[in-house]
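Colleague: sequence and predicted structure, then a few things I'm wondering about:
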Amino acid sequence: MTFATLALLVLVGLAGPALSARRSWRVPLVAGELLAGILVGASGLRWVDAGEPTLTLLAEIGFGLVMLVIGSHIPVLDPDVRAVWGRGAIGAAAVAIVAVGLGFGTAALFGTSHGAVYAVLIASSSAALVLPMLQQLDVTAGSAAQLIAQIALADVACILALPLALQPSRVPLVAAGGLLIAGIGIVLALLLRRVGERRRRRLHEYSESRRFALELRFSLLALFGLAAIAQFTHVSVMMAGFTLGLVLSASGQPRRLAHQLFGMTEGFFGPLFFVWLGASIDLRTLGAHPRMILLGLALGVAAVLAHLLGRAVGLPWAQTIASAGQLGVPVAAVAVGVQAKALLPGEGGAILLGALVAVVASSLATAAVSRRADGAERAAGRSR
């Protein structure tokens, strides 16, 4: 690992902002970073060795930070969202039931043993993808509260289920690690509530005046501690980051800490992780196994079909398709699968292709949600 390699990774990672700069294209930021990694990694020029230990560790840190930021963006305290948790849970459960059938059916059709993994992928929704798209298009939480609740619950459930589906031989250890991380997260949330807003504000002002960045240091300490537990129990680091993100969201994350975490994640560690992930995937095996292309298309279509069940609990059609957008769980499945060598040749590329199909459908549906929200606001203005 050299500084030249780091410079190359940062340089090619700029493909993400370059492709997403044009708002009308609605290309997710990570898409360009993944493509850049594919170009310089195992599928392309092979300038980057994704198996290099130092690079792998840096990418793991990036993965944890990405999931932390995702969890912190879930509006746990938003009253509009909290009011519809029940309907969101019913919608997520309905999608999960259908996803199980579609997942195992897809596995049987393509002759793989990963039906449980496919079920988790099909049922997943990505708060990291859909929520920013809603924010960019000025769709408020009030007009899409049930959609946000359903996506958040699906995100949490699938992040918990994925390590169990990918590593069934280690279910007891993985389950114990997941429960321990979740328990520590609950304890941290309770401690932050007991400390009280006044004491936390005092610490915030002291840290800011002395330029100590204490909140960031404590957050990183908690993240690395949880990640150590995850590493020891073979749980993905994504659960450590996501759990801490939910804790920060529930306790009211200070704006300065949010900016610091955003800068660290989006400025370096996040792009590094996605470029590394792209470099880890050998799409040449996907070309050598055409049925994996069909598998990817099938997974994407199945995800959209499963999420149409949200209509049964009152979601408009456009919002049901928007909820099919998935990013964190497919990326995690490939990342964990590559490290555990649990995927078939070309299967990682198939999973990302399926996610891409769902992302395109979700982007089009989110634009439709935005247009309907604008129309409703204009109609309300005329009625006044």
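Modeller: Sure, I can see it.
Colleague: does His234 touch Gly177 like I think?
Modeller: Yes. If you go by CB atoms under 8 Å, His234 and Gly177 touch, sitting 6.9 Å apart. In this view, the C-beta of every residue, glycine as well, is placed from N, C-alpha and C.
Colleague: relative to Gly13, how far out is Pro271?
Modeller: 4 Å (CB to CB, to the nearest Å).
Colleague: so where's the stretch 51-200 of the chain uncertain?
Modeller: Applying pLDDT under 70 to the stretch 51-200 of the chain picks out residues 127-129, 131-144.
Colleague: related to what we said a few turns ago, who touches both of Pro271 and Gly13?
Modeller: Taking CB atoms under 8 Å, 6 or more residues apart in numbering as the criterion, Pro271 and Gly13 both touch Glu33.
Colleague: thinking again about what came up before, of His234 and Gly177, who's got more company?
Modeller: Between His234 and Gly177, counted using other CB atoms under 10 Å, the more crowded position is Gly177 (23 against 16).
Colleague: list the contacts for that one?
Modeller: By CB under 8 Å, 6+ apart, the neighbours of Gly177 are 229-230, 232-235.
Colleague: adding secondary structure, write those out as JSON lines.
Modeller: Putting those into JSON lines (DSSP: H, G, I helix; E, B strand; the rest coil) gives the following:
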{"residue": "Ile229", "secondary structure": "helix"}
{"residue": "Ala230", "secondary structure": "helix"}
{"residue": "Phe232", "secondary structure": "helix"}
{"residue": "Thr233", "secondary structure": "coil"}
{"residue": "His234", "secondary structure": "coil"}
{"residue": "Val235", "secondary structure": "coil"}
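Colleague: so which of those is the most crowded?
Modeller: Going by other CB under 10 Å, Val235 tops the contacts of Gly177 with 29 neighbours.
Colleague: what is the strand or helix carrying Ala279 packed up against?
Modeller: Per DSSP states H and E: Ala279 is located in helix 270-280. With contacts defined as 3 or more CB pairs under 8 Å, 6 or more residues apart in numbering; DSSP states H and E, helix 270-280 has these neighbours: helix 3-13, helix 29-40, helix 53-72, helix 328-340.
Colleague: roughly how far does the residue positioned nearest the centre of the chain sit from His73?
Modeller: Ranked by distance to the mean C-alpha position of the chain (CA atoms, centre = their mean), the top residue is Gly328 at 2.4 Å. As for Gly328, its distance to His73 is 11 Å (criterion: CB to CB).
Colleague: likewise Ile186?
Modeller: As for Ile186, its distance to His73 is 20 Å (criterion: CB to CB).
Colleague: could you do Gln339 as well?
Modeller: 26 Å.
Colleague: can you tell me how far the spatially closest residue to Pro254 that is not a sequence neighbour is from Leu188?
Modeller: Spatial nearest neighbour of Pro254, excluding adjacent residues (CB to CB, 6 or more residues apart in numbering): His204 at 5.3 Å. Distance, His204 to Leu188, using CB to CB: 17 Å.
Colleague: which one's more surrounded, the two?
Modeller: Leu188 (19 against 16).
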